[in-house]
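1. give me coordinates for this.
(one chain, ligands or ions: 1)
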Amino acid sequence: MKFTKMHGAGNDYVYINCFEEKVDDPVILSQRVSNRNFGIGSDGLILIMPSDKADVRMRMFNPDGSEGEMCGNGIRCVAKYVYDHGLVKKLNIDVETGNGVLALDLFTGGSGLVERVSVNMGPPKLMRSELPMTGPANEQAIAVTLPLAQGEVEATCLSMGNPHCVVFVDDVENCALETIGPLLENHEYFPNRINVEFVQVVNRTEVIQRTWERGAGETLACGTGASAVTVAGVLTGRTERKIINHLRGGDLQMEWLEEGPVMMTGPAVEVFSGDFNPR
Ligand SMILES: N[C@@H](CCC[C@H](N)C(=O)O)C(=O)O
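-> So this is what the prediction gives:
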C-alpha cells in the first residue's frame, strides 16, 4: 500500500490516497502505521477519498483506532496533497469531513507547491449536548469546575466538530498535562472522551498551547484544539478574537469571526512517501 507522511505544525499523519488504494480496515491500519517503533510512526491515519459533496473527503483515525470527526492540521495537509498531486487543480477547495463540508484557500510558494492553507473551521458548538457533555443539554460549559481526584480544574468545553476541553494555566511548560490530560480525556462528564488543551496566555493576542489528544496522547499541535482555544479565550475574556497560537511544533494564526466561524491558517508539509505492507 502506498502512503505519504505529512505534518502540519508537527502534528504528523500517514495519508493514504484512496482514489488509488483500497483500505479494508482503517481502525487496525491506523493502529499499525501509527506505531513509532513497529510501524511508520504518526499521530494517526488520514484517508483521502472521493466525495459526492465536495472536491474531496477525508477521514481521520487516532493511533488507538478511534475515529475523530475532524482534524485541523490534517485538513491542511489533505489540501496540499490533492493540489500538489494533481487530484484537484484549483486553489480554493471544499473538503467533506465529519464536521460537514469546509472551505479552504491554498497558498503556493516559489516552487508552485502548496506551503500554507487557510481553513474555515466553521462555528463552535457550545451546548453541552453538542460535545457531548453530561449536565443540562442546552447549557454552555464556560469556565466550569470539573472535580478530579487530584482537586478541581476550571475548564471551558466546546466542540469544533470534535470535543475539546480548554484549561488555562499559568505555566504551560510545567503543567500536569500527563496526569490531568488522560483524567479529563476519560472523565465521566464526556461520554465520547475529549481532547484537552492546556493554554498559557502570553498577552491578549498570543497564547502557548500544549495538547493532550483523545486517542493519541500529547501531540505537537492540534488545529481543532487551537480553534477551541481561540473561542475559549474570547468567551472567558482573556484574549482578542484574532490571536497567534504557539504550539510545540509551530505557530497557527487564528481568528474567530464575528459572523461565527473560526479561521485557521498554518503550514502543510510533505515529508516522505513509501510502501507499507498492510497485512
Ligand atoms: N490533531 C487534530 C485532531 C485529531 C482528532 C482528535 N484526536 C480527536 O479524536 O478528536 C487536529 O489538528 O485538529
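2. what does the chain put close to the ligand?
-> 11, 60, 62, 68, 71-74, 162, 195, 213-216, 219, 222-225 (CB under 6 Å from any ligand atom). Every C-beta, even on glycine, is put in place using the N, C-alpha and C of the backbone.
3. could you rerun that using 5 Å?
-> Listed as neighbours of the ligand in the chain under the rule CB under 5 Å from any ligand atom: Asn11, Gly68, Cys71, Gly72, Asn73, Asn162, Glu213, Arg214, Gly215, Cys222, Gly223, Thr224.
4. using CSV, lay out those residues together with secondary structure.
-> Shown next, in CSV, are the residues of the chain next to the ligand (DSSP: H, G, I helix; E, B strand; the rest coil):
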residue, secondary structure
Asn11, strand
Gly68, strand
Cys71, coil
Gly72, helix
Asn73, helix
Asn162, coil
Glu213, strand
Arg214, coil
Gly215, coil
Cys222, coil
Gly223, helix
Thr224, helix
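5. run a quick neighbour tally on Val144.
-> Neighbours of Val144 under the rule other CB atoms under 10 Å: 17.
6. what mean pLDDT does the strand or helix carrying it get?
-> Assigning secondary structure by DSSP states H and E places Val144 in strand 141-148. Averaged across strand 141-148, pLDDT comes to 96.
7. for the residue of the stretch 1-150 of the chain found nearest the ligand, give me its contacts.
-> The ligand sits closest to Gly68 of the stretch 1-150 of the chain, with a gap of 3.0 Å, by CB to the nearest ligand atom. Shown in contact with Gly68 (CB atoms under 8 Å, 6 or more residues apart in numbering): Gly44, Met60, Phe61, Asn62, Gly98, Asn162, Arg214, Gly215.
8. also Glu20?
-> Contacts of Glu20 (CB under 8 Å, 6+ apart): Lys2.
9. how's the protein carved up into domains?
-> Listed by automatic domain parsing, the domain ranges of the chain are 2-118+267-275, 128-260.
10. nearest to Ala155 among the contacts of Gly68?
-> Arg214 (14.6 Å; CB to CB).
11. give me the pLDDT value at that closest one.
-> According to the model, Arg214 scores 98 on pLDDT.
12. that one contacts Asn62, correct?
-> Yes: using CB atoms under 8 Å, Arg214 is in contact with Asn62, at 6.6 Å.
13. who does the residue of the stretch 1-150 of the chain closest to the ligand form a beta bridge with?
-> Met60 (DSSP bridges).
14. sec struct for Pro123, please.
-> Pro123 - assigned by three-state DSSP - is coil.
15. which elements pack onto the strand holding Val144?
-> strand 151-159, helix 177-185 (3 or more CB pairs under 8 Å, 6 or more residues apart in numbering; DSSP states H and E).
16. Glu130: which of those is closest?
-> strand 151-159 (5.0 Å).
17. the stretch 151-279 of the chain: helices as residue ranges?
-> 177-185, 223-235 (DSSP state H, counting those that start in this stretch).
18. need those in a markdown table (columns: distance to Glu154 and mean pLDDT).
-> Listed next are these as a markdown table, based on distance: least, CB to CB, whole Å; pLDDT from 0 to 100:
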| stretch | distance to Glu154 | mean pLDDT |
| --- | --- | --- |
| helix 177-185 | 12 | 97 |
| helix 223-235 | 11 | 98 |
